[in-house]
Each structure stands twice: as C-alpha cells, then as structure tokens.
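Asks: no sequence for this one, just the structure:
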DNA sequence: TTCCATTGCTACATTTATCGTAGCAATACG
DNA sequence: CGTATTGCTACGATAAATGTAGCAATGGAA
C-alpha cells in the first residue's frame, strides 16, 4: 500500500525489501533517471542545459529526478551553478558505460 | 555558463533519434524493466513466478515489459513455458552486474 | 540605477503510465 | 469430469509525467 508515503526522505519506489540493489534498480528505473546520469557523464550542465539535453523534458520531472539523485549522492549542484556528478555518481556512470558499446551492437 | 554539451541530444522515449544508447536507456528506464532482467539473471521464471519475484507487480505492466523485452531480443518465452534471457539478454544483464557490488557500497 | 537575461525551481491542468483486482482460453494432470 | 496450472487481458482507480507558464534571486550590461 504505502508507495511513496509522505516523507521527505525517500523510500525508493517499489523497494520494500531493503536490499540495496532493489533500491538502486528502482531509482534508476524511473523516467529520465538514466538519461540524466548519461547526459552529465562528461561535464556539469545547468538545469536548463540539462533540459535541452533531455529533449525538453518537463522541468517538473527533471527537478524531481535531480532531487532524488542528489539525495542518493550521485549528483550535486555546484556553487558556480550547474549540476554535476559526484565521485560516487561518476562511479555509477562508469558502470553503465559498457551499455554504450552494447547498444551499438544491439542495434543491428 | 555556456552549454558545454549543448548540441547533442534530441529524442525521447521511444528512441526516435536512432541513437541506440538512447533507445536502450529509454527502454531500461521504464518501470520494472531493470528489475525483470535482474530477476531472470539466474534462471527462467514463469510469468507468475516473475510476478512474485517482482513484489506482485501488476500483470498489466509486467506483460507489457515482457513484450517489449522480447521484441528487443533480450527475453524469450521458452517452449516449456517460462520466460528466460536470450544470449543477448544475458549479455546485457552481465553489463550491469557490477551494479550489485556498487549498490552494496552505496548503501552505506 | 534600471533593464534584461539567466539561474534553480514551482504551480497546475491535461495526458499518460501503472496499479489492483478480476477473469479469460488453453493446457495438463488425476 | 474437476482442478490447477500456464500466458495473458479488461478495466476502473490511482500515481506519475507532460506542457506551459511563471516565480524569486543573481549577474551583468546600459
């Protein structure tokens, strides 16, 4: 029943198990989440640049995802402005890098 | 703040860009998609067993994901019944196996 | 100073996705 | 026959995402 009950600190979506991998899969399995990490892989982007990079996705979701990703410790908002990956976030992104090559082969 | 990565993307859900990585991120960024692949990583499961494994997710969305994953060539329905990973799907699954270890460290 | 562009971020009504429950036809066993 | 699976679907209820508009704050130019 309680899906995202009212707390500010998030229980990740379907992960009632407490298993970290489930929490992570649930977090990443949200719309734009993987995409955001992907677009930040090279350099930080401002919120609007990120929106452009994500094909003008609605700022509502993007902000929601950015908040979640920040709370997860993967993304941070730099003082000079702009969102960037934390060391942890960069590490996560590295994990997904093989997907690029895989996707190229998968296309055929 | 210049847009450092500014002119690189267009294309959203449904992989209209033709860029395989976007299509893949798009596919995987749907609810239960990563989870399904994860639950099938060891052995094939029947649709109901998969549902149980996925915390009783609604069959509606599970069937939808399974259809998409089958069309993508990652999952197949064996003759004896039960869904399992194709060689390609297994390969994809291997790609994000490191997530497991990462998730364990991330929890702390 | 005033003007204006940009930052991160939010409101809100509309559309889309997912949930939850129930149930179908087909198959297999006793 | 009954019953217990299988994969799969219908459909109303609920949650999430979209698209548009706009806010307060900041930082230059003029």
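Replies: That came through, no problem. Bear in mind the structure is a predicted one, so any value in this text is a computation, not a measurement.
Asks: when you work out contacts or count neighbours from here on, use the C-alpha atoms and nothing else.
Replies: Noted.
Asks: ok now do the most centrally placed residue in chain A, which residues does it touch?
Replies: Closest residue to the average C-alpha location of chain A: residue A:33 at 3.6 Å, with Cα atoms, centre = their mean. Shown in contact with residue A:33 (Cα atoms under 8 Å, 6 or more residues apart in numbering or on different chains): A:27, A:65, B:29.
Asks: which single one of those residues is nearest to DNA strand C?
Replies: residue B:29 (8.0 Å; Cα to the nearest atom of the strand).
Asks: so that closest one touches residue A:27, yeah?
Replies: No - between residue B:29 and residue A:27 there is no contact under Cα atoms under 8 Å: 9.4 Å.
Asks: what distance do you get for residue A:87 to DNA strand D?
Replies: To DNA strand D, residue A:87 is 25 Å away according to Cα to the nearest atom of the strand, to the nearest Å.
Asks: does any part of the helix ranked longest in chain A sit near DNA strand D?
Replies: Scanning chain A for the helix with the most residues, using DSSP state H, yields helix A:59-71. Yes - for a cut-off given as Cα under 7 Å from any atom of the strand, helix A:59-71 has contacts with DNA strand D, namely A:59-62.
Asks: now stretch A:47-54
Replies: No - judged by Cα under 7 Å from any atom of the strand, stretch A:47-54 stays clear of DNA strand D, getting no closer than 9.2 Å.
Asks: ok, now which ones touch residue A:44?
Replies: A:82-85.
Asks: widest-spaced pair of those residues?
Replies: Pairwise distances across the contacts of residue A:44 (Cα to Cα) peak at 10.2 Å, for the pair A:82 and A:85.
Asks: so, low pLDDT: which residues of chain A?
Replies: A:1-17 (pLDDT under 70).
Asks: quick one: the strands in it, in order.
Replies: With DSSP state E as the criterion, chain A has strands at A:75-77, A:83-85.
Asks: what residues sit buried inside stretch A:98-108?
Replies: Within stretch A:98-108, the residues scored as buried using 16 or more other Cα atoms under 10 Å in any protein chain shown are A:99-100, A:102-103, A:106.
Asks: could you restrict these to the ones contacting chain B?
Replies: A:99-100, A:102-103, A:106 (Cα under 8 Å from any Cα of the partner chain).
Asks: ok, so of these, who is nearest residue A:91?
Replies: Nearest member of these to residue A:91, counting by Cα to Cα, is residue A:99, at 14.3 Å.
Asks: buried sites along stretch A:36-55?
Replies: For stretch A:36-55, by 16+ other Cα under 10 Å, it's A:36-41, A:44-47, A:49-54.
Asks: contacts only, for the residue nearest to residue A:106 when sequence neighbours are not counted.
Replies: Spatial nearest neighbour of residue A:106, excluding adjacent residues (Cα to Cα, 6 or more residues apart in numbering or on different chains): residue B:20 at 7.5 Å. Listed by Cα under 8 Å, 6+ apart, the contact set of residue B:20 reads A:100, A:103-104, A:106-107.
Asks: no more questions from me, cheers.
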